[in-house]
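Trainee: sequence? don't have it. structure:
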């Protein structure tokens, strides 16, 4: 039986140590370390991209250290690591869209902050509240899918089914999952969507991409990227804090 | 060396350069040719940076040799990418950094990794893990649920070794296995190596220290700056003192004693180059 | 997973040692110069101004004794993407852009409308890409990264009087760069170890969840180790009295090995760049086409 969470999850082993209440020096070092991760992922193609079944072909993983920085070290560190991500993305960009600092750098500042806010909030929130929020999100996604359905029946039906399935899985997960597992997944998914939504939003705002196209790409590309972020963030934090997944070997 | 003895490793004229094609290119191996026969224990000795790790990793197909050089391991040419995954299930490589090898969150799962990959049934996997942990001195019940990231360096090394044992490889490649171990762990590791050989495995040990090797290895291959400088038989290694010193290495203390005695005219002829063999030889001469 | 030699990947911005005017300039001039030119680039949406800017970037490359075409060849793999996005933009963009107030339709194919504004947007975007690519490449081609970091920190130092943690920020980037080779080697090790134990990578896009798990298995040891290092480093820094409060020891007054000093040619270069960029920004509406 799992009681309602009113406080923060405690790290289980010594590897993570106390990552709350860090001194400023610790924050600087953590920001540096996570920023190094971002650059590493950006430079080594085998772990920087994962092939996904979307038109873009690859989901990037560079936003994941930003999400982790936000969740593990707070919003300020998350913003700084996001800045590194943005700068790196800007400097290496080979398409005009990303050669614009407003598209490449500005949105990325928010990834870590959102991830932190969702993670910290989800840890403290009562389970019922989470389910209500999730239900709201499902409702919104569902009404959007319904709108699409009215204009384009086949596409809309697919969306609708996806939304309902995701919604059911989401509700089950929130109700039955361990608090930290839920918080990590929520933080990772929403952090990833922040990246997708804000970058594409800026691109649309500045005229680089048409609005309808942006919405399509956001959903078809954003979902696999969010799943990838959730898988990897859960694995890392699960290993660090030891509070997710199995608690013993499978022998 | 009769041709009928199968070669576990056959390398001809291998050269490897790290970061080839960039300004930072570093040559690691230069025209290396060697052969390891099935069932042998061969030691690769050389100073740090001589190319030992590179050579071992090439043998596991982890580094592709460039155009020059042919590498055949257990009859498989490492230049063929499709054959490599089959090869790796038959070869066990113990890395210098034990942490790099630990895959799973829990010790038991990590050791069970390769048997599970091979599709063995659950009971057999469990039995293999138990035996492997026993061979390295880790209590099964106590350690199987421990977290891999929480172990000490020595414990990690033992877990990595147990993982290797559990896969029952034909060819065992050990990269600096005794570095940093306390004497008791070192003795038990050498015991494991001997037991592996008795079970028919071929073993290659890379080491920058000569300790423990003469009593263990059939042959020592000396690497210097990426080239094979010399090959020395394990039983007679004490005769090669000057050669080793020229390569920046030195004899272990026990062998030095045998060398010094020989220089003074006393030809000891020990049966084996370990304390027991030398003591036996001394007593033999003393009583005759 | 063919190439397991990772250190080769992590050269950030190739540095080409040459004896050129640009190489010898103070890094702060180069940083400010790039910033000024970038501003000029963003404010100018006319063909004429961009032609001038592109020529200026070519000129700077030539002054650095580096071939601008060689630098631009780095964009070659991206050409399909650039063309693809350009086609999308030109087909859907209908708003005004640049000096022309009323976009003229050039082509009309059902839902697709091509206006001269759309064409302008595409062409100017590509021009900007070329200009920025040249400038940012030249920055790292003519200055080692550590020197650039030092220059950046020096530029930001005045801000620390206002409470902006410029020293901390500079340290964050320095640490990130310093850890890069360490992480790369560890990652290489971990990858080789996992491959040698029989981990298979599924090629194929639908297996992306399984592939995410594989990548997670690579990143977890890296993160755990990185966090351990972070803890150790922070403790060491604090033990050596790195104190990072406002207006304190770490914030100002700390000495660095890099001693930067403006010389005559730096002032000249800065003045020239400011005048050039300033003129372009102020006169941005004066260009007819």
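Mentor: Received the coordinates, thanks. Worth saying up front: this structure is predicted, and the values here are computed from it rather than measured.

Trainee: Now do stretch B:188-207: distance from first to last residue.
Mentor: End-to-end distance of stretch B:188-207 (CA to CA, to the nearest Å): 17 Å.

Trainee: any idea of the mean pLDDT in it?
Mentor: Averaging pLDDT along stretch B:188-207 yields 92.

Trainee: quick one: contacts of it?
Mentor: With CB atoms under 8 Å, 6 or more residues apart in numbering or on different chains as the test, stretch B:188-207 has contacts from B:8-9, B:36-45, B:52-53, B:55-56, B:59, B:135-137, B:161, B:165, B:169-179, B:181, B:212-213, B:216-217. Where C-beta positions appear, they are placed from N, C-alpha and C, glycine not excepted.

Trainee: Pairing partners for the residue most central in space within chain B in the sheet, please.
Mentor: The centroid of chain B falls nearest to residue B:205 when counting by CA atoms, centre = their mean (2.0 Å). Assessed by DSSP bridges, residue B:205 has beta-bridge partners residue B:43, residue B:174.

Trainee: Sort out for me which of the contacts of stretch B:188-207 are in strands.
Mentor: Of the positions in those, B:8-9, B:36-37, B:41-45, B:171-175 sit in strands, assigned by DSSP state E.

Trainee: Which residue, other than its chain neighbours, is closest to residue B:266?
Mentor: Nearest residue to residue B:266 in three dimensions, chain neighbours excluded: residue B:285, at 7.1 Å (CB to CB, 6 or more residues apart in numbering or on different chains).

Trainee: residues touching the residue of the stretch 51-200 of chain B found nearest chain A, list them.
Mentor: Here the stretch 51-200 of chain B gets closest to chain A at one residue, residue B:108, 3.2 Å apart by CB to the nearest CB. Counting by CB under 8 Å, 6+ apart, residue B:108 touches A:249-251, B:129, B:143-145.

Trainee: Which helix or which strand is home to residue B:12?
Mentor: Assigned by DSSP states H and E, residue B:12 belongs to strand B:7-18.

Trainee: Same question for residue A:36.
Mentor: Taking DSSP H and E as the definition, one finds residue A:36 inside helix A:24-43.

Trainee: Next secondary structure after that helix?
Mentor: Following helix A:24-43 toward the C-terminus (DSSP H and E): helix A:45-48.

Trainee: can you tell if that following helix touches chain B?
Mentor: No - judged by CB under 8 Å from any CB of the partner chain, helix A:45-48 stays clear of chain B, getting no closer than 13.9 Å.

Trainee: Now look at the following helix or strand past that helix and say if it contacts chain C.
Mentor: Remark: after helix A:45-48, the chain's next helix or strand is strand A:49-51, criterion DSSP H and E. Yes - contact of strand A:49-51 with chain C (CB under 8 Å from any CB) involves A:50-51.

Trainee: for strand A:49-51, the distance to its chain's centre please.
Mentor: Put simply, strand A:49-51 sits 16 Å off its chain's centre (CA atoms, centre = their mean, to the nearest Å).

Trainee: For the helix or strand following that strand, which strands pair with it and how are they oriented?
Mentor: Remark: after strand A:49-51, the chain's next helix or strand is strand A:58-60, criterion DSSP H and E. Strand pairing for strand A:58-60, using DSSP bridges, gives strand A:49-51 (antiparallel).

Trainee: For chain A, just list every one of the helices.
Mentor: For chain A, applying DSSP state H gives helices covering A:24-43, A:45-48, A:63-73, A:75-92, A:101-104, A:109-124, A:127-151, A:153-176, A:179-205, A:211-241.

Trainee: Chain C now?
Mentor: Under DSSP H, chain C gives helices at C:21-24, C:27-43, C:47-63, C:68-72, C:79-92, C:116-142, C:145-160, C:166-196, C:208-239, C:264-282.

Trainee: who wins for proximity to residue A:190 among these?
Mentor: Residue A:190 lies closest, by CB to CB, to one member of the helices of chain C: helix C:208-239, at 17.6 Å.

Trainee: Now do the closest one against helix A:24-43, angle only.
Mentor: Relative orientation of helix C:208-239 versus helix A:24-43 (axes from the mean of the first three to the mean of the last three CA atoms, to 10 degrees): 140 degrees.

Trainee: Sketch out the low-pLDDT regions of the stretch 51-200 of chain A for me.
Mentor: The model of the stretch 51-200 of chain A has pLDDT under 70 over residues A:55-56, A:148, A:155.

Trainee: what's the helix or strand for the residue nearest to residue B:278 when sequence neighbours are not counted?
Mentor: Spatial nearest neighbour of residue B:278, excluding adjacent residues (CB to CB, 6+ apart): residue B:270 at 4.8 Å. Here residue B:270, judged by DSSP H and E, is contained in no helix and no strand.

Trainee: tell me the phi and psi of residue B:270?
Mentor: Main-chain dihedrals, residue B:270, degrees, to the nearest 10: phi -70, psi 150.

Trainee: thinking it is in contact with residue B:276, fair?
Mentor: No - contact between residue B:270 and residue B:276 fails when scored by CB atoms under 8 Å: they sit 9.2 Å apart.

Trainee: what does the stretch 51-200 of chain B put close to chain A?
Mentor: When proximity is defined as CB under 8 Å from any CB, the stretch 51-200 of chain B approaches chain A at B:104-109, B:112, B:125-126, B:129, B:144-145, B:147, B:149-150.

Trainee: out of those, which is most surrounded?
Mentor: Neighbour tally across these (other CB atoms under 10 Å in any protein chain shown): the maximum, 30 neighbours, falls on residue B:107.

Trainee: OK, contacts around that one?
Mentor: Taking CB under 8 Å, 6+ apart as the criterion, residue B:107 is in contact with A:249, B:138, B:143-148, B:151, B:159.

Trainee: same thing but 10 Å
Mentor: Taking CB atoms under 10 Å, 6 or more residues apart in numbering or on different chains as the criterion, residue B:107 is in contact with A:249, A:251, B:129, B:133, B:138, B:140, B:142-148, B:150-151, B:155-156, B:158-159, B:162-163.

Trainee: ok, and which of the residues you listed reach chain C?
Mentor: Residues of those in contact with chain C (CB under 10 Å from any CB of the partner chain): B:148, B:163.

Trainee: quick one: buried residues of stretch A:102-115?
Mentor: For stretch A:102-115, a neighbour-count test (16 or more other CB atoms under 10 Å in any protein chain shown) marks A:103-115 as buried.

Trainee: a markdown table please, covering those and showing distance to residue A:71.
Mentor: Output for the buried residues of stretch A:102-115, formatted as a markdown table (distance: CB to CB, whole Å):
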| residue | distance to residue A:71 |
| --- | --- |
| A:103 | 25 |
| A:104 | 23 |
| A:105 | 21 |
| A:106 | 21 |
| A:107 | 19 |
| A:108 | 16 |
| A:109 | 16 |
| A:110 | 14 |
| A:111 | 11 |
| A:112 | 8 |
| A:113 | 11 |
| A:114 | 10 |
| A:115 | 5 |
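
Trainee: which of these sit farthest apart?
Mentor: Farthest pair in the buried residues of stretch A:102-115 (CB to CB) is A:103 and A:115. Separation: 20.1 Å.

Trainee: before we move on, back to that, for ChimeraX, what selects the buried ones among the contacts of residue B:107?
Mentor: Per 16+ other CB under 10 Å, the buried members of the contacts of residue B:107 correspond to this ChimeraX selection:
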select /A:249,251 /B:129,133,138,140,143,144,145,146,147,148,151,155,156,158,159,162,163
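
Trainee: Just the ones of the contacts of residue B:107 in strands?
Mentor: Using DSSP E, none of the contacts of residue B:107 sit in strands.

Trainee: Inside helices: which ones of the contacts of residue B:107?
Mentor: Residues of the contacts of residue B:107 located in helices (DSSP H): B:129, B:133, B:140, B:142-143, B:155-156, B:158-159, B:162-163.

Trainee: From the residues you listed, pick the one nearest chain C.
Mentor: Lowest distance from chain C to those (CB to the nearest CB) belongs to residue B:163, with 7.2 Å.

Trainee: Report the contact partners of the closest residue in space to the closest one that isn't next to it in sequence.
Mentor: Spatially, and ignoring its direct neighbours in sequence, residue B:163 is nearest to residue B:111 (4.7 Å; CB to CB, 6+ apart). Counting by CB under 10 Å, 6+ apart, residue B:111 makes contact with A:249, A:251, B:102, B:104, B:125, B:128-130, B:132-133, B:136, B:138, B:140, B:143-144, B:148, B:158-167.
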